[in-house]
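S.K.: Mind looking at a prediction? Sequence and model below.
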Amino acid sequence: MSRRRWRPAHVLAGLLVLVLTALLSPTPVAGTATASTPRPGGVPLTELTVVSEQVAYGLQRPVALTGLPDGRMLIAEKNGTVRAYHPDTGLAAEPVLDLTARVDTSGNERGLLGITPAPHFARTGMLYVAYTSLPDGTLTLARLPINAPERLQVLLTQEHAEYNNHNGGQVAFGRDGYLYWSLGDGGHANDPYKAGQDLSTLLGKIVRIDVNRSCGAKPYCVPPDNPFVRTRDARPEIWLYGLRNPWRFSVDPADNSLWIGDVGQGLVEEINHIRPWQRGANLGWSCREGTPVFDPDQCRPGVKYTDPVFEYEHYMTESCSVTGGVVYRGSATPEARGVYVASDYCSTLAFAVRPKPTGGYESAIIGNFPIQPTAIDKDVHGELYVLSDLPGWLSKVRFERVPPAPAD
């Protein structure tokens, strides 16, 4: 069955301009000016390009990475092992953590999916991980000391047995000290459980919990300002809903906002930017895929949907699956600070998105990442790294300034 659907004229017009950005020309985002608009303290996005340098190879399907205070990068491999890389000593030969006895890797998208250190990792050595657990692919959030995997404690689970795709799996701490975790809609296609708009399940959501306390029988507490704490039949852990497969999101430490790469059905990939005051936002799936309507039966009168800040279509960019990234806050390229960088698993295009001081967003294509990017994250200094899936590579990313083209 064809996946093509009618798109509003303004969306198609914007996407036509996107095609013309192959040479780093501005990419418009719905409702915003182009990327050529200068930003105080920065440069036009079209004057930036990304350059990647491979620094490690031999990884087995690396899917997530995170920086540690001591300068190491931890790399989660899909089979359940975690490898350590340090720029001075390279990739360690042996895993620093092995969870293979717990992880269900059946199907292409199951496995160890996310990893992040506790805010006080230097003192506690505590890691938080997300994975699909044996025997049936249950989505699992757990914590454990890096040197004592036998002390793993499961915090929260969500059944996900029938289909092996759309697991989400990102974990990250916010500046508020709470832990955020993304979960896909249950898999297959067309939102079979209609989970995206259903507040009684964690599928198709980003949750937010307090892991520093326990409440009753739960090894965590629900923050009192979570948006659905007092909503009947809603899971109180939910922070955002209406997601399809938020494979990668990140928290910008500057303002505790979430940048989310949500994988689309067949045509539209989207990036969302959600500030703390937008808690409880409905991102639309499966009423909408990006901004266009996907399933009218899932749309409800009077419901407010939050638009993505950037979207692109597959057939115009040879893309297939967005890989959400991070906001650059490093020091090596001051001109790029505040720029959010993401990519796509198939096209490898490097997308740059940045809020404008006057409102709205600017965006541009600023080059390409190495093949099959699965995760983009930062080290302790805020500098960027990217993983490549089946080649098993880790690459360091830097920005270069591209001089503007001379006027005719």
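M.R.: Nice, I can see it.

S.K.: okay, CA-based contacts and neighbour counts for the rest of this
M.R.: Noted.

S.K.: Which stretches in the stretch 101-250 of the chain count as strands?
M.R.: Along the stretch 101-250 of the chain, the stretches classed as strands by DSSP state E, counting those that start in this stretch are 112-117, 126-133, 138-145, 153-158, 171-173, 179-183, 205-209, 238-241, 248-252.

S.K.: Sheet-wise, list the partners of the fifth one with their directions.
M.R.: Same thing as strand 171-173. Using DSSP bridges, the strands paired with strand 171-173 are strand 179-183 (antiparallel).

S.K.: Quickly find the element holding Val55.
M.R.: Assigned by DSSP states H and E, Val55 belongs to strand 48-56.

S.K.: Mind listing the strands that strand pairs with, and their directions?
M.R.: Counting by DSSP bridges, the strands paired with strand 48-56 are strand 393-401 (antiparallel).

S.K.: list the buried ones in the strand it pairs with?
M.R.: If you call a residue buried by 16 or more other C-alpha atoms under 10 Å, then strand 393-401 has these buried ones: 393-399, 401.

S.K.: Hmm, which of those is lowest in pLDDT?
M.R.: Ranked by pLDDT, those bottom out at Arg401, which scores 92.

S.K.: wait, what's in contact with the closest residue to it other than its chain neighbours?
M.R.: Nearest non-adjacent residue to Arg401, counting by C-alpha to C-alpha, 6 or more residues apart in numbering: Leu48, 4.8 Å away. Taking C-alpha atoms under 8 Å, 6 or more residues apart in numbering, we find Leu48 in contact with 336, 366, 399-402.

S.K.: Make CSV out of these and add distance to Asp377.
M.R.: Converted to CSV, the contacts of Leu48 look like this (distance: C-alpha to C-alpha, whole Å):
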residue, distance to Asp377
Ala336, 15
Ile366, 17
Phe399, 14
Glu400, 18
Arg401, 21
Val402, 23
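
S.K.: thought Gly90 was touching Tyr57?
M.R.: No - applying C-alpha atoms under 8 Å as the test, Gly90 and Tyr57 come out as separate, 9.8 Å apart.

S.K.: circling back to that earlier point, Val268 is nearest to which of the strands of the stretch 101-250 of the chain?
M.R.: Closest approach to Val268 among the strands of the stretch 101-250 of the chain is made by strand 248-252 (16.0 Å; C-alpha to C-alpha).

S.K.: Please, which helix or strand holds the closest residue in space to Pro95 that isn't next to it in sequence?
M.R.: Spatial nearest neighbour of Pro95, excluding adjacent residues (C-alpha to C-alpha, 6+ apart): Arg83 at 4.6 Å. Using DSSP H and E, Arg83 sits within strand 81-86.

S.K.: measure the spatially most central residue of the chain to Gly111 for me?
M.R.: With distances taken as C-alpha atoms, centre = their mean, the residue of the chain nearest its centroid is Arg248 (1.8 Å). According to C-alpha to C-alpha, to the nearest Å, Arg248 and Gly111 sit 15 Å apart.

S.K.: likewise Asp297?
M.R.: According to C-alpha to C-alpha, Asp297 stands 33 Å off from Gly111.

S.K.: And Val303, by the same measure?
M.R.: Val303 is 35 Å from Gly111, by C-alpha to C-alpha.

S.K.: ok, those two, which is more surrounded?
M.R.: Gly111 (32 against 9; other C-alpha atoms under 10 Å).

S.K.: which regions of the stretch 151-300 of the chain sit below the pLDDT cut-off?
M.R.: Within the stretch 151-300 of the chain, no range satisfies pLDDT under 70.

S.K.: dump the residue contacts of the residue nearest to Pro296 when sequence neighbours are not counted.
M.R.: Excluding the flanking residues, the one nearest Pro296 by C-alpha to C-alpha, 6+ apart is Cys287, at 5.8 Å. Taking C-alpha under 8 Å, 6+ apart as the contact definition, Cys287 lies against 293-299.

S.K.: Is Val268 in contact with His314, as I believe?
M.R.: Yes - using C-alpha under 8 Å, Val268 is in contact with His314, at 6.5 Å.
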